[in-house]
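[1] give the three-dimensional model of this entry:
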Amino acid sequence: MSHWPYPSIVAHRGGGKLAPENTLAAIDTGARYGHTMIEFDAKLSKDGQIFLLHDDNLERTSNGWGVAGELAWSDLQKVDAGSWYSGEFQGEPLPLLSDVAARCRQYGMMANIEIKPTTGTGPLTGKMVALAARELWQGMTP
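    From the prediction side, this is the model:
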């Protein structure tokens, strides 16, 4: 039987239930608990920036409103993605994929990127996330 190179536990949406999902705070929390692999959700802003968010809409996990993929990054970067979870995380921003890659490199974490396109942007989102991931995670192998 060959060696399985991946961890048996993967921190869902960055840090499981320990921090606001799909944030750098979640990744930091996961790292503190010894996670060596994370799963997170990536989508495109209206102007093509790749950022983390699970839902189409901002309401459940932030103080924002509306369809996230219909907003420019300049608007999305103002969103508080932490307060819904706890006051401890007030002001936590939505992270860019590049921020997450840097954090993964810092902690030596592997990543499972789930592509979450806004309706009608599936092929473009998939292509852009795949190309960015190839570049951002280059040289990082298990």
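[2] and the longest strand along the chain, what does it pack onto?
    Criterion DSSP state E: the longest strand present in the chain is strand 37-44. For strand 37-44, the elements it packs on are helix 24-32, strand 50-52, helix 97-107, strand 110-115, helix 122-136, judged by 3 or more C-beta pairs under 8 Å, 6 or more residues apart in numbering; DSSP states H and E. The C-beta positions use only the backbone N, C-alpha and C, and glycine is treated the same way.
[3] what angle do it and helix 97-107 make?
    170 degrees (axes from the mean of the first three to the mean of the last three C-alpha atoms, to 10 degrees).
[4] list the buried residues for strand 37-44?
    Across strand 37-44, burial judged by 16 or more other C-beta atoms under 10 Å covers 37-44.
[5] and the angle for that strand with strand 110-115?
    30 degrees.
[6] what's next to strand 37-44, contact-wise?
    Outside strand 37-44, the residues within contact range by C-beta atoms under 8 Å, 6 or more residues apart in numbering are 6-7, 9-15, 22, 26-27, 30, 50-54, 68-69, 97, 100, 104, 109-118, 121, 124-125, 128-129.
[7] and the angle from that strand to helix 24-32?
    170 degrees.
[8] any idea of the mean pLDDT for strand 37-44?
    Mean per-residue pLDDT for strand 37-44: 95.
[9] from the buried residues of strand 37-44, which is closest to Ala133?
    Nearest to Ala133 among those is Ala42, at 8.3 Å by C-beta to C-beta.
[10] any idea how far Phe89 is from Gly82?
    3 Å (C-beta to C-beta, to the nearest Å).
[11] quick one, which of those two is more surrounded?
    Gly82 (24 against 18; other C-beta atoms under 10 Å).
[12] in contact with that one, which residues?
    By C-beta under 8 Å, 6+ apart, the contact set of Gly82 is 20, 23, 25, 88-92.
[13] what of Gly108?
    With C-beta under 8 Å, 6+ apart, Gly108 has these contacts: Thr36.
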